[in-house]
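Colleague: Fold the stuff below for me.
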Amino acid sequence: MSLVSKNNVATNKFELEVHVPAEEFEKACQSAYLKRVKKIEVPGFRKGKAPRKTIEKLYGEGIFFEDAINAVYPSALEAAVEEAGLELVARPMVDVTDVSKEDGFKFKAVCVVKPEVSVKDYKGIKVSKEVKEVTDEDIDKEIDRLRNRNARTISVSDRAAQNDDVVVIDFDGSVDGVPFDGGKAEKFELTLGSGQFIPGFEDQIVGHNVGDEFDVNVKFPEDYHAEELKGKDSVFKVKIHEINAKELPEVDDEFAKDVSEFDTLAEMKDDIKNKLAEQNEKTATTEFENKLIDQVIANMEGEIPEEMYESRIDEMVRDFDYRLRSQGMDINVYLQYTGMDMDAFRLTFKEQAEKQVKIRLALEKVVELEKIETTAEDLEKEYQRIADSYNMELDKVKTMLPAADLMADVAVNKAVDLIKESAVKA
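Modeller: Residues are numbered from 1 along each chain as shown. Prediction:
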């Protein structure tokens, strides 16, 4: 491989022209022949036994060119990028410009590179840190959560349904007298007031008793995921089979003993207050750090290529799909369920992706300006932290995470620490 030329064709874009010589190309063509020959039939030869020259004479000398080029160009491109001293941030656009047995082949690659940015005034940033005080109302809400978690469900037959009840119902929906997909179910459990169904549905069940059969009239929202139901008036025939209510425990010392490690309600409330205070402190610290980073981004200048944002969105979509697959679903099923196409789905990640790219660029610039380094000890500690966090063997973590990438992450974290330590609290 030889790098023929390197041209700056636009901001953050270079075009590389690369030549793969005939000798290297010939080896790739021979390798392509050996892989494909078993599937090629040539009159007069047993399947898989035809000589390469015979195949090329019959089908054209370029029959193996495409496979050979695809096998060779990735490593040739990688070597050319290294020789050109470029740091790529997106997959290059490659175009083969010339190919022959005598001269090998040439290709051009348009490469998007990491932009040069500047960051000023990242030290001594003045921001406020506001820690929310724990109120009696906060403590009561936590106790209510514990009561609901430990509530007993009882069947109700002497009163009408009300919000927070769990009703067991049959329903059969139609639009203009025509049933629609997903509009019918039997013995369905619905918590009234949960907002699980379209607006107005649950409200019209409130006030009815076990055994009641009645119509619920609702209008589908204009932004409903099913296109054919958007804004349509509908009628649901509903029958109530059961009404179940939560019976909440009394809030006293016995309750405290049942749901906590404490013997008295006062002790449990003190513990709740302390934990909420710790949580509020962590929340305030996170918000403080976010304000700092937002200011650093605001103080950054540079032209960031759109390809960096798109690459980050690609990663986020892949991560989302991976999580879906772990739950027995995939991205295609999810899109069908939500009524979105891929472009609309990608757009949901755009703002977050842009911010993450800007944060990384700004912090990497701080690392450069401050000459922040990652030591072998820093790297080992980070490997150990990750191993402990995921309960994995240290050696396995090291095989999964390249040292160079992790060293860069540690350096960026040090940059964040530097910005925090120099900040001035307003």
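Colleague: which residues are contacting stretch 220-238?
Modeller: Stretch 220-238 is contacted from outside by 169-176, 180-183, 198-199, 201, 205, 213-219, 337-339, using CB atoms under 8 Å, 6 or more residues apart in numbering. Backbone N, C-alpha and C define where each C-beta goes, glycine included.
Colleague: Mind listing what's buried along it?
Modeller: Within stretch 220-238, the residues scored as buried using 16 or more other CB atoms under 10 Å are 220, 229, 234-236, 238.
Colleague: Now the longest helix along the chain: buried residues?
Modeller: The single longest helix within the chain, with elements called by DSSP state H, is helix 265-298. Buried residues in helix 265-298, counted by 16+ other CB under 10 Å: 265, 268-269, 272-273, 276, 280, 288-289, 291-293, 295-297.
Colleague: I'd like the average pLDDT over it.
Modeller: Averaging pLDDT along helix 265-298 gives 95.
Colleague: before we move on, what about stretch 216-234?
Modeller: On average, stretch 216-234 scores 88.
Colleague: Give me the distance from it to the chain's centre.
Modeller: Chain-centre distance of stretch 216-234: 30 Å, with CA atoms, centre = their mean, to the nearest Å.
Colleague: again, but for stretch 75-88
Modeller: Distance, centroid of stretch 75-88 to centroid of chain: 29 Å (CA atoms, centre = their mean).
Colleague: And the pLDDT for the closest residue to residue 397 other than its chain neighbours?
Modeller: Excluding the flanking residues, the one nearest residue 397 by CB to CB, 6 or more residues apart in numbering is residue 387, at 4.7 Å. What the model reports as pLDDT for residue 387 is 93.
Colleague: Hmm, residue 387 is touching residue 401, no?
Modeller: No. Contact criterion CB atoms under 8 Å: residue 387 and residue 401 do not qualify, at 10.1 Å.
Colleague: which other residues reach stretch 70-90?
Modeller: For stretch 70-90, using CB under 8 Å, 6+ apart, the contacting residues are 1, 3, 6, 14, 16, 18, 20, 24-25, 28, 31-32, 92, 94, 96, 107, 109, 111-115, 305, 307-308, 310-311.
Colleague: Recalculate using a threshold of 7 Å.
Modeller: Stretch 70-90 has contacts (CB atoms under 7 Å, 6 or more residues apart in numbering) with 1, 3, 6, 14, 16, 18, 20, 24-25, 28, 31-32, 92, 94, 107, 109, 111-114, 305, 307-308, 311.
Colleague: With stretch 53-69 instead?
Modeller: 25, 28-29, 32-33, 36, 40, 42, 96, 99, 101, 105.
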